[in-house]
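>>> the following block contains a protein sequence and its predicted model.
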Amino acid sequence: MDNDYLSGVIWFNIGAFSFGLILAISSFVHYKKLGRTRTGVYWAIGCIATCLLVMNGIIKVSDVMDEHMKKEAFELLNERYEDRGDPNNESYDNLEVVVTPDKLRSSTSYNIYVANFNKQYSYKGKIKITIRNKKDKKVFTHVTESITIKPGEKKEIENALYDTWHPNYSWKWLGELKK
């Protein structure tokens, strides 16, 4: 897990705890006025626990969905390699890219996955990705940051954001294979 993810989880939990604490204090004060202090304590503990459980449940569901999308992308990388790859030679034919659009409310996140099926050569460089509409017209082009993909490695590299969803894409390697 990366530091940004852990930082986000920590801040979400701090927010959930703070909201739960506000609810806990409010419920405790309410029940104390009614002369039911013990019930107020139970409600206070329940408010904090519920807020933390709900927030962590949302985070877990999001993580499971992300892992599922990543697993599907890696399976698609394997299928494309089986169709187009060249297992007998070390070449660009053994490098694959999959771009999966993920529709958000006001934009689309294009998740980029790469794989190097070469056995000895690493790829170092960038990838130029062109998103195309249904009529195969270029909508926008995205060039990734410089990456290194070791032999046999598969990974998600980054996301490209755009305001609308488009179904097609093409890609081009802008780098070199090295031993």
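Arrived safely.
>>> helices or strands up against the helix or strand bottoming out on mean pLDDT in the chain?
Least confident helix or strand of the chain, by mean pLDDT, DSSP states H and E, is strand 154-162 with a mean of 85. Applying 3 or more Cβ pairs under 8 Å, 6 or more residues apart in numbering; DSSP states H and E, we find strand 154-162 packed against helix 37-84, strand 108-116, strand 122-132, strand 138-143. All C-beta spots, glycine's among them, are computed from the backbone N, C-alpha and C.
>>> which of these sits most buried?
strand 108-116 (a mean of 20; mean count of other Cβ atoms under 10 Å).
>>> now the angle between helix 37-84 and it, please.
With axes from the mean of the first three to the mean of the last three Cα atoms, to 10 degrees as the basis, strand 108-116 and helix 37-84 are set at 50 degrees to each other.
>>> how far out from the middle of the chain is strand 108-116?
Chain-centre distance of strand 108-116: 10 Å, with Cα atoms, centre = their mean, to the nearest Å.
>>> and for stretch 71-82?
For stretch 71-82, the separation from the chain centroid amounts to 17 Å (computed by Cα atoms, centre = their mean).
>>> gap between the least confident helix or strand of the chain and the chain center?
In this view, strand 154-162 has its centroid 8 Å away from the chain centroid, taken as Cα atoms, centre = their mean.
>>> next SSE downstream of it?
strand 168-178 (DSSP states H and E).
>>> ok, and what's touching that next one?
90-92, 95, 97, 99, 110, 118, 121-134, 136, 143, 146 (Cβ atoms under 8 Å, 6 or more residues apart in numbering).
>>> mind listing what's buried in it?
Within strand 168-178, the residues scored as buried using 16 or more other Cβ atoms under 10 Å are 168-169, 171, 175, 177.
>>> do stretch 13-31 as well
For stretch 13-31, the neighbour count (16+ other Cβ under 10 Å) marks 16, 19-20, 23-24, 27-28, 31 as buried.
>>> and the protein, what are its domains?
The record's domain split for the chain, according to automatic domain parsing, is 3-65, 89-178.
>>> any chance of those in TSV, plus distance to Glu72?
Below are these laid out as TSV (distance: least, Cβ to Cβ, whole Å):
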stretch	distance to Glu72
domain 3-65	11
domain 89-178	8
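>>> closest one to Tyr81 among those domains?
domain 89-178 (4.9 Å; Cβ to Cβ).
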